[in-house]
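Asker: with the input below, show me the fold.
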Amino acid sequence: MLVVIVLFVLLGDFRAALVVTFTLPLSIALAGLILKPLGIGINTMTLGGLAIAIGLQVDAAIIMAENIVHRITARRDAAHRRENALAAAIEVGRPIGFATLIVIAVFTPLFAIGGIEGKMYSPLAAAVVSAIAAALVLALTVVPVVSGLFLRPKPVGLEEDVWLIRRLKRVYAPTLDAAMRYAGLVRVGALVVTIPALVLAFYLGSDFMPKLDEGAFLIQTFLPPDASLDEVDRVNHSVEDALRSIPEVEDVSRRTGRAERTEDPMPHTVSDVLVLLKPDQKRSSEEIEQDMRKQERRQDEEVDPVHEAPGEGFEIPRKDRARANLDGDPDRDHVVDDQIGSRIMEIGAKQKEGEDRQIDDSQKTLHPKGANIPSALQPKQPASEALNYR
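Answerer: Numbers count the residues shown, from 1 in each chain. As a prediction, this is how the structure comes out:
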């Protein structure tokens, strides 16, 4: 909507703005026709790509429509309006094509990214490239035809540019003239800015996911599997009290366990403790984390002065763990998955062999040779089959 408003305000020609606006939904529809054979549907990344492309889609159509309006206004020949529109389209067709191809070339390297990054950014790049390519086709074909039929010359005596554009040209025109007169100095200035920027580019870090500091810590506490709910509650209360003693902590909340029907079930002996920090922190997050670990060790000593209680644990998930989990290789993950599956089958086979041997021993002990075996002792399902899930 904002793009449409800007078009109507800055173009100063209702018909031209309407022609350019018409290309927006049409180019998005054509982009959808391109994405469908590629197996790319509507998701967060493709919608983001289309949102990025909205501002780029209208560039070619605006240049085309403005040049056609300028040409037919200068000629004012109603009998040859279509020929003038065609000449104006040919005049700017090549620059529009090269400019659009440069933008497409910027997003093309995203298709070469592998792993999780590639799966995330390839749909975005495909959406941007498809939308811009569709807009280019419309600007070179549909816009000249519709403009030749629909656009009219501006009235005699009326300025071609709107008030805002005229004000900007008053500043831009003398600046451009000065830059053309001192072209050598402009080139030197461009090199002075460009070369340090290229040097600094080699020292910039590159991360798939940015480091986030949301002003909070998520702590996980672990107790032995046979611990009662009262014991879990008592230990976690002591942990919460210790965390509240840290000056930068504003509030502490806890969730113990998670339902079995969720995607990530969690037993009652595991708790998530959310620690909210105060906005005005005097220490860094790393220093606060070290203080939390000291509090944890102090709690362990209070539970057992000699050694940590069996099965009891305390963990602060690192900030980069989400980034590390997302930064994976599908091929590597597939190999690891196959190894885990093979290991499960091996464990299942050993368990089945042990159960069968145990049943045979019980048969020899409880039943003489040739006696019928009760059905209750028959294994209902092999252990390997029970563990064979992928």
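Asker: for residue 147, give me its contacts.
Answerer: 16, 19, 64-65, 68-69, 85 (C-beta atoms under 8 Å, 6 or more residues apart in numbering). Where you see a C-beta, it was placed from the backbone N, CA and C, and this is true even at glycine.
Asker: where's the helix or strand hosting it relative to the chain centroid, distance-wise?
Answerer: Following DSSP states H and E, one finds residue 147 within helix 115-150. Chain-centre distance of helix 115-150: 21 Å, with C-alpha atoms, centre = their mean, to the nearest Å.
Asker: any buried residues in it, and which?
Answerer: 115-116, 120-140, 142-144, 146-148 (16 or more other C-beta atoms under 10 Å).
Asker: then the next helix or strand after it to CSV, C-alphas only?
Answerer: Next along the chain after helix 115-150, taking DSSP H and E as the criterion, comes helix 163-181. Written as CSV, here are the backbone C-alpha positions of helix 163-181 (Å, rounded to 0.1, in the frame of the first residue of the first chain):
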residue,chain,number,x,y,z
TRP,A,163,6.7,19.9,-6.4
LEU,A,164,9.0,17.6,-4.4
ILE,A,165,10.9,16.4,-7.4
ARG,A,166,11.5,19.9,-8.6
ARG,A,167,12.9,20.9,-5.2
LEU,A,168,15.2,17.9,-5.3
LYS,A,169,16.4,18.7,-8.8
ARG,A,170,17.4,22.2,-7.7
VAL,A,171,19.9,20.6,-5.4
TYR,A,172,20.9,17.7,-7.6
ALA,A,173,21.4,19.5,-10.9
PRO,A,174,24.2,21.8,-9.7
THR,A,175,25.8,19.0,-7.7
LEU,A,176,25.9,16.8,-10.8
ASP,A,177,27.4,19.7,-12.9
ALA,A,178,30.1,20.1,-10.3
ALA,A,179,30.9,16.4,-10.2
MET,A,180,31.1,16.4,-14.0
ARG,A,181,33.5,19.4,-14.1
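Asker: tell me which residues of helix 163-181 are tucked away?
Answerer: Under 16+ other C-beta under 10 Å, helix 163-181 has no buried positions.
Asker: let me see the domain layout of this structure.
Answerer: The record's domain split for the chain, according to automatic domain parsing, is 2-160, 162-206, 216-320, 330-387.
Asker: ok so, going back, tell me the mean pLDDT for the helix holding residue 147?
Answerer: The pLDDT scores in helix 115-150 average 89.
Asker: burial count for residue 105?
Answerer: Counted with other C-beta atoms under 10 Å, the neighbours of residue 105 add up to 10.
Asker: please identify which helix or strand holds it.
Answerer: Applying DSSP H and E, one finds residue 105 within helix 81-107.
Asker: name the helices or strands packed onto that helix?
Answerer: Other elements packing on helix 81-107 under the criterion 3 or more C-beta pairs under 8 Å, 6 or more residues apart in numbering; DSSP states H and E are helix 44-75, helix 115-150.
Asker: that older thread, mean neighbour count, the domains of the chain: which tops it?
Answerer: Of all these, domain 2-160 has the most neighbours on average by mean count of other C-beta atoms under 10 Å, namely a mean of 17.
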